[in-house]
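Asker: based on what follows, work out the 3D shape:
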Amino acid sequence: MQFIEHLRHGTSGGAHVLIAGFGAEGQSAARFLVAHGCRVAAYDKKPEDAFPAEVMEEFGALGVEFRFGGPLPDGDYDVVVRSPGVPPDAIAVRTAAGASVPVTSATNIFLALCPGTVIGVTGTKGKGTTASFITEMLRAAKKDVVLGGNIGTPALELLPGIQQGTAVVLELSSFQLIDAQYSPHIAVVLMVTEDHLDFHPTVEEYVKAKMPIAAFQGASDLVIYNPDYPASVRVGAAGKGARYEVSAKRATEQGCFVEGNDIVIVGPAGKRVVAAVSDLLIPGRHNWENACAAALAASLAGAPDDAIRQGIKAFKGLEHRLELVREVKGVKYYNDSFATNPSSTIAAIRAFEAPEVLILGGSPKGSDFTELAKVIAERKNIRAIIGIGDEWTRVKDALGKAGVAGQFIEGKRLMKDIVYTAAGAAQTGDVVILSPACASFGLFENYKDRGVQFKRAVAEL
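Answerer: Now for the predicted structure:
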């Protein structure tokens, strides 16, 4: 794209740019493009009063034009920069002459311009954990490393501080990857299962949206994928990068796997133990997979084994991801509010052998709860389920079809009541897990608000 080539050579070419979607990544793109001499207009379907006054003042002072509400505006734009929440097929902007305006994204711009070595991480669950794991390991190896993308800092804000020797670890969602035309040097593909069917019309389209993380790799690039998930294999096979496998279930010929208590890396130079599963501070077999993927990525990026081990031992997990909040009267409370799909909740349920009190439900994402219900039916340690939100009706229906005949508690809307009810159902030695398998809207602002309210209520027990 000519626009990106101009940016690569330090000029905008005087481009008039429309940013579609004015959330955190859209605002980051606006700052970046204004600094590079572009004339920028910002569009969002939300009304202007949905944005804080300080945001409007900042970008008004930068000369950004605003277009709020209604459909995407036509105009004599040279390019549209799509934000992650805007589907590519929803963008149909035309010039006065009727020509279609080309579309790119902040992810495309970053990957095209970044001088460092990019390690991209995608998957349905574990992206943020694995990206953070890799960062810890590379820091322990004294590498120049930055972390961003879908976690933390938008990628374009990192760009000015990145040098040729910088390792850039990016968490990449399907929303960011769907129209990407560049792939990172090291692509990490974790478990890919059903998710975001409120955005992607089908599971097949969701899987295809992940493929650009590897599809544009050349023979000198590297891709790490988990062979235990067929969709992950498809994404990993999309490009020409050298392939490595990671698994918590089986040995691999080239990659990283769990063998007993050992985390093992194997390759042309032989087989070596780099850490132990017992070194992990975060629970769950799915985190064994994440640790293997991170250890292999860090190793391929130049981290020695002692730094990998140190990183594994130091990482305490991320907020809202199976986060131990507190133990009260022998009951442990875990905040897994980030689990907004069934596969994430299945992983949380399988992380414990102790009796569990589950908090399930929320707002719709188009998920199929059949497999979740089947797993709950097979488990013998589910003491009670507290159902919340509009989607609980569908969850309960799936549980009934699977033959689940446990204790269901319904009708609670306030988090304080939900937590006190869970505490009343639990016994010493149990775990209470907020792992809803659904989005949070309706009862809460977002998954973070849901998790914060849960932690606050647990603190008050």
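Asker: not counting the helix or strand of the chain with the lowest mean pLDDT itself, show me its contacts.
Answerer: Across the helices and strands of the chain, mean confidence by mean pLDDT, DSSP states H and E is lowest for helix 2-8: a mean of 83. Outside helix 2-8, the residues that touch it by CB atoms under 8 Å, 6 or more residues apart in numbering are 12-13, 15, 17, 36, 78-79, 102, 104, 108-109, 112-113. Glycine gets a C-beta too; all of them are placed from N, C-alpha and C.
Asker: would you turn the residues you listed into TSV with pLDDT, neighbour count and distance to V233?
Answerer: Shown next, in TSV, are the contacts of helix 2-8 (pLDDT from 0 to 100; neighbours: other CB atoms under 10 Å; distance: CB to CB, whole Å):
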residue	pLDDT	neighbour count	distance to V233
S12	64	19	41
G13	67	15	41
A15	92	19	40
V17	96	24	38
H36	91	17	39
D78	94	19	39
V79	95	24	35
P102	94	13	33
T104	95	20	29
N108	95	21	25
I109	95	25	30
A112	95	16	28
L113	95	16	31
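Asker: take those residues and keep only those in helices.
Answerer: 108-109, 112-113 (DSSP state H).
Asker: middle-most residue in this protein, spatially?
Answerer: In the chain, the C-alpha nearest the mean C-alpha coordinate belongs to K127, at 4.7 Å (CA atoms, centre = their mean).
Asker: do I have it right that that residue meets E171?
Answerer: Yes. Between K127 and E171 there is a contact under CB atoms under 8 Å: 4.6 Å.
Asker: which neighbours do these two share?
Answerer: Joint contacts of K127 and E171 (CB under 8 Å, 6+ apart) are 121, 150-151.
Asker: highest neighbour count among those residues?
Answerer: Highest neighbour count within the shared contacts of K127 and E171: V121, with 32 neighbours (other CB atoms under 10 Å).
Asker: helix, strand or coil for that residue?
Answerer: strand (DSSP: H, G, I helix; E, B strand; the rest coil).
Asker: how close does it sit to I213?
Answerer: When distance is defined by CB to CB, to the nearest Å, V121 is 8 Å away from I213.
Asker: what is in contact with those two at once?
Answerer: Counting by CB under 8 Å, 6+ apart, the common neighbours of V121 and I213 are L172.
Asker: got the domain ranges for the chain?
Answerer: With domains defined by automatic domain parsing, the chain comprises 2-106, 114-314, 323-459.
Asker: now, of those domains, which is deepest in the fold?
Answerer: domain 114-314 (a mean of 21; mean count of other CB atoms under 10 Å).
Asker: helices along the stretch 251-400 of the chain, start to end?
Answerer: 285-300, 305-314, 342-350, 370-378, 392-401 (DSSP state H, counting those that start in this stretch).
Asker: for the third one, output the C-alpha coordinates as PDB.
Answerer: Output of helix 342-350 as PDB, limited to C-alpha atoms (Å, rounded to 0.1, in the frame of the first residue of the first chain):
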ATOM      1  CA  PRO A 342     -17.000 -21.700  27.200                       C
ATOM      2  CA  SER A 343     -13.500 -23.000  26.400                       C
ATOM      3  CA  SER A 344     -11.900 -20.600  28.900                       C
ATOM      4  CA  THR A 345     -14.300 -21.700  31.600                       C
ATOM      5  CA  ILE A 346     -13.700 -25.400  30.800                       C
ATOM      6  CA  ALA A 347     -10.000 -24.700  31.400                       C
ATOM      7  CA  ALA A 348     -10.800 -23.100  34.700                       C
ATOM      8  CA  ILE A 349     -13.000 -25.900  35.800                       C
ATOM      9  CA  ARG A 350     -10.300 -28.500  34.900                       C
END
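Asker: for that helix, packing partners?
Answerer: helix 285-300, strand 356-360, helix 370-378 (3 or more CB pairs under 8 Å, 6 or more residues apart in numbering; DSSP states H and E).
Asker: now the ones you listed in a markdown table, with distance to S132 and mean pLDDT?
Answerer: Listed next are those as a markdown table, based on distance: least, CB to CB, whole Å; pLDDT from 0 to 100:
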| stretch | distance to S132 | mean pLDDT |
| --- | --- | --- |
| helix 285-300 | 8 | 95 |
| strand 356-360 | 25 | 98 |
| helix 370-378 | 26 | 95 |
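Asker: residue most distant from the centroid, this structure?
Answerer: Distance from the centre of the chain peaks at A97, with 39.8 Å (CA atoms, centre = their mean).
Asker: that one should be in a strand, yeah?
Answerer: No. Under three-state DSSP, A97 sits outside any strand and is assigned coil.
Asker: roughly how far does it sit from I265?
Answerer: 57 Å.
Asker: how far does stretch 6-20 sit from its chain's centre?
Answerer: Its chain's average C-alpha position is 28 Å from that of stretch 6-20, according to CA atoms, centre = their mean, to the nearest Å.
Asker: and the residue nearest to the centre of the chain, what does it touch?
Answerer: Contact analysis of K127 by CB under 8 Å, 6+ apart lists 121, 150-151, 171-173, 190.
Asker: need the pLDDT of it.
Answerer: Looking at K127, its pLDDT is 92.
Asker: show me where the stretch 51-200 of the chain has helices.
Answerer: 53-61, 106-113, 127-140, 155-158, 174-177.
Asker: what ranges does the stretch 351-461 of the chain have for its strands?
Answerer: 356-360, 382-387, 407-409, 431-434 (DSSP state E, counting those that start in this stretch).
Asker: and those, which one averages the lowest pLDDT?
Answerer: Among the strands of the stretch 351-461 of the chain, strand 407-409 carries the lowest mean pLDDT (a mean of 92).
Asker: show residues contacting that strand.
Answerer: Residues contacting strand 407-409 (CB under 8 Å, 6+ apart): 383-387, 396, 399, 421, 425.
Asker: which pair of those spans the longest distance?
Answerer: The most widely separated members of the contacts of strand 407-409, counting by CB to CB, are L399 and T421 (17.9 Å).
Asker: now for the helices of the stretch 51-200 of the chain, which one comes closest to W288?
Answerer: helix 127-140 (11.5 Å).
Asker: which residues of the stretch 1-150 of the chain score low on pLDDT?
Answerer: 11-13 (pLDDT under 70).
Asker: can you list the helices of the stretch 51-200 of the chain in a markdown table and add distance to D336?
Answerer: Below are the helices of the stretch 51-200 of the chain laid out as a markdown table (distance: least, CB to CB, whole Å):
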| stretch | distance to D336 |
| --- | --- |
| helix 53-61 | 31 |
| helix 106-113 | 27 |
| helix 127-140 | 12 |
| helix 155-158 | 27 |
| helix 174-177 | 21 |
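Asker: same list, the helices and strands packed on helix 342-350, but as CSV with distance to E323 please.
Answerer: Below are these laid out as CSV (distance: least, CB to CB, whole Å):
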stretch, distance to E323
helix 285-300, 12
strand 356-360, 14
helix 370-378, 21
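Asker: among these, which is nearest K46?
Answerer: Closest among the helices and strands packed on helix 342-350, once you apply CB to CB, is strand 356-360, at 29.8 Å.
Asker: no further queries at this time; thank you.
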